[in-house]
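Q: Got a sequence here, can you model it:
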Amino acid sequence: MEINDKSTENYYSANDKRYESMVYKRTGKSGVKLPAISLGLWHNFGFVDDIENGRDILRTAFDLGITHIDLANNYGPPPGSAEENFGTILKQDFKSYRDELFIATKAGYGMWDGPYGDFGSRKYLISSLDQSLKRMGLDYVDVFYHHRPDPETPLEETIGALADIVRQGKALYAGISNYGPEDTQKAAKLLKDLNVSFILHQARYSMFDRWVEDSLLDTLKNNGVGCIAFSPLAQGMLTDKYLNGIPKNSRAGNDSVFLNAETVQSNIEKVQKLNTIAKERGQKLSQMAIAWILRQPQVASVLVGASSSNQLKENVKALDCLDFSEEELNLIETIIS
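A: Okay, here's the model as predicted:
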């Protein structure tokens, strides 16, 4: 898919002040700093979507100082199309800014037919990244993740493949996603023994989904690894979307596999109480939910999606009020615990 870029109106030159207001956080004990809010291309960047809207979102993100763009091989739909669309936009708008961008992709979910297109074998990971690089028009990504644990492939094989990918220069750093504390510890030791930089663990984390607090954050801290949190708004529950019921065009209204009406109904009282606290802080609920995650020292960045540039701008406003009083934290805890 091509973008018409012949007119001066479509020429992109980044905002000169893009780094002045963004907050950057160190990723574990590495040399990498990530924007406190990163942009994920899970939705709204596939072939079924308007590429000009995606282009506007990416331009807005970079102009706001968002340098980290997160993809995966299966993002679309169809799978692979988000990477391909991103590659098109990258070539036409961001080619001269490549060294200012921190680009991630992943492999671990079903991508193609047959026994080699899923999970965590060396065959799958290396083949998938080669395909991803081709779709995006890149020589390397900044971080490559194994997207989910593989219950059948030995961890040594999966981690060995990540290590070789870094050694080959196809990725600068290795990461994992959705791993529990025990497997994360094993992966960290294997990568350390292989002298490969393991800097990021991508995990689901929100006020309504706090599993990382049990021991994962401590495991990451002990190994000098940063956390990047996805689904910070609990699939939309921690926004103003469901304050007055369930809209028909919402995920819950359509009984999405990610969020259903029953889950929303069981949490609506909590959402309303949290919204009251957010208003008193001068924030939207979504902004407070993002700020609440960023208070964790081990969290390097919160990963958000966006269907429009205005939605992204609203999320970034979370950075205007990151501090919480002890009273606010205690009150939030009584609501969500």
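Q: burial measure for Ala61, as a count.
A: 24 (other C-beta atoms under 10 Å). Where C-beta positions appear, they are placed from N, C-alpha and C, glycine not excepted.
Q: okay, it: pLDDT?
A: Listed pLDDT for Ala61 reads 98.
Q: what kind of secondary structure is it in?
A: What DSSP: H, G, I helix; E, B strand; the rest coil gives for Ala61 is helix.
Q: Going along the chain, name the strands of the protein.
A: Secondary structure of the chain, counting by DSSP state E: strands at 24-26, 33-35, 37-40, 68-70, 102-107, 141-146, 171-177, 198-204, 226-230, 299-304.
Q: Please tabulate the ones you listed in a markdown table and include mean neighbour count and mean pLDDT as additional columns.
A: A markdown table is the format used below for those (neighbours: other C-beta atoms under 10 Å; pLDDT from 0 to 100):
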| stretch | mean neighbour count | mean pLDDT |
| --- | --- | --- |
| strand 24-26 | 16 | 98 |
| strand 33-35 | 22 | 98 |
| strand 37-40 | 24 | 98 |
| strand 68-70 | 25 | 98 |
| strand 102-107 | 26 | 98 |
| strand 141-146 | 25 | 98 |
| strand 171-177 | 23 | 98 |
| strand 198-204 | 25 | 98 |
| strand 226-230 | 25 | 98 |
| strand 299-304 | 26 | 98 |
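Q: Just the pLDDT for Gly282.
A: 97.
Q: Pop out the phi and psi values for it.
A: phi 80, psi 30 (degrees, to the nearest 10).
Q: what about the helices in the stretch 101-250 of the chain?
A: 122-136, 155-167, 181-193, 216-222 (DSSP state H, counting those that start in this stretch).
Q: what's the longest one packed up against?
A: For helix 122-136, the contact count by 3 or more C-beta pairs under 8 Å, 6 or more residues apart in numbering; DSSP states H and E identifies helix 81-89, strand 102-107, strand 141-146, helix 155-167 as packing neighbours.
Q: For the last one, what does the pLDDT average out to?
A: Here helix 155-167 scores 98 as its mean pLDDT.
Q: where does this structure dip in pLDDT?
A: Along the chain, segments meeting pLDDT under 70 span 1-9, 247, 249-258, 260.
Q: Now distance to Asn315 too, for the helices and strands packed on helix 122-136, in JSON lines please.
A: JSON lines is the format used below for these (distance: least, C-beta to C-beta, whole Å):
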{"stretch": "helix 81-89", "distance to Asn315": "19"}
{"stretch": "strand 102-107", "distance to Asn315": "18"}
{"stretch": "strand 141-146", "distance to Asn315": "22"}
{"stretch": "helix 155-167", "distance to Asn315": "30"}
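Q: Nearest to Arg18, out of the ones you listed?
A: Nearest to Arg18 among the helices and strands packed on helix 122-136 is strand 102-107; the distance by C-beta to C-beta comes to 14.0 Å.
Q: Output the closest one as CSV - backbone C-alpha positions only.
A: Written as CSV, here are the backbone C-alpha positions of strand 102-107 (Å, rounded to 0.1, in the frame of the first residue of the first chain):
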residue,chain,number,x,y,z
PHE,A,102,13.3,2.5,19.3
ILE,A,103,11.4,-0.2,17.3
ALA,A,104,10.2,-3.5,18.7
THR,A,105,8.6,-6.6,17.2
LYS,A,106,7.8,-10.0,18.5
ALA,A,107,7.1,-13.6,17.6
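Q: what comes up buried for stretch 312-330?
A: Leu312, Glu314, Asn315, Val316, Ala318, Leu319, Phe324, Glu328 (16 or more other C-beta atoms under 10 Å).
Q: from the chain's centre, how far out does it sit?
A: 19 Å (C-alpha atoms, centre = their mean, to the nearest Å).
Q: I would like the residues contacting it, please.
A: For stretch 312-330, the external contacting residues (C-beta atoms under 8 Å, 6 or more residues apart in numbering) are 21-23, 36-37, 39, 57, 60-61, 64, 66, 277, 281-284, 286-288, 290-292, 294-295, 304, 306, 332.
Q: Between the two ends of it, how far is it?
A: 29 Å (C-alpha to C-alpha, to the nearest Å).
Q: end to end, how far does stretch 37-54 reach?
A: OK, stretch 37-54 end separation, C-alpha to C-alpha: 17 Å.
Q: among the helices and strands packed on helix 122-136, which is nearest Lys186?
A: Lys186 lies closest to helix 155-167 among the helices and strands packed on helix 122-136, at 5.7 Å (C-beta to C-beta).
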